[in-house]
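1. Quick one, what's the 3D model for this:
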Amino acid sequence: MMKKIMDWTLILLIFAGVTLLGNMIGYDIYSFGAVPGILVLIAIALLGMIMEEYIPVNIPAVGYIALIGIIISVPWFPGSAYIVDWTSQIELLAITTPILAYAGISIGRNWLDFKEMGWKSLIVAILVFIGTFLGSALIAEVVLRIQGII
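-> So this is what the prediction gives:
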């Protein structure tokens, strides 16, 4: 189990570094202001993954991570004001960039498996990508028009 925790920690630290870099480049939030928030997010993620391993209920780690995040950010939780302030220094898109890159690498590693599914799966994948893009663009258009930005 200790090896898993070390592996998870290493991956989370890599994500943290890329997130801090993206936060700094994209949003002018320099690393020192975002470090406490990133450390809180790493601790929450690690705790959630450990809970998934040890609690004999069939709940994915993401469920535990979300539950922990909700509990420690509610106003009645001791120190929640600090936690919310620290984590608000990290932009959501700065976090999603390394996660999506990791997902892309994972898919790339399994490219042979993907290729064995045949040409029909390629068409489905292309349609999913197009649908996701168009759906996201439509939602963005509606929200920006409602806000009067465009």
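2. which ones are touching residue 92?
-> Contacts here follow Cβ atoms under 8 Å, 6 or more residues apart in numbering; on that basis residue 92 touches nothing. C-betas here are computed from N, CA, C, even on glycine.
3. domain assignment for this protein?
-> 2-109, 111-150 (automatic domain parsing).
4. Please, where are all the helices along this protein?
-> 2-27, 31-54, 61-73, 80-87, 92-109, 111-116, 119-146 (DSSP state H).
5. Throw the ones you listed into TSV and include mean pLDDT, thanks.
-> Below are the helices of the chain laid out as TSV (pLDDT from 0 to 100):
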stretch	mean pLDDT
helix 2-27	85
helix 31-54	89
helix 61-73	92
helix 80-87	91
helix 92-109	72
helix 111-116	66
helix 119-146	83
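6. so of these, which one's packed in deepest?
-> helix 31-54 (a mean of 17; mean count of other Cβ atoms under 10 Å).
7. Mind giving me the packing neighbours of that one?
-> helix 2-27, helix 61-73, helix 80-87 (3 or more Cβ pairs under 8 Å, 6 or more residues apart in numbering; DSSP states H and E).
8. Off-centre distance for it?
-> Chain-centre distance of helix 31-54: 11 Å, with Cα atoms, centre = their mean, to the nearest Å.
9. Report the angle between it and helix 61-73.
-> Put simply, helix 31-54 runs at 130 degrees to helix 61-73, going by axes from the mean of the first three to the mean of the last three Cα atoms, to 10 degrees.
10. Show me what helix 31-54 is in contact with.
-> 1, 4-5, 8-9, 12-13, 16, 19-21, 23-24, 59-69, 72, 83, 86-90, 95.
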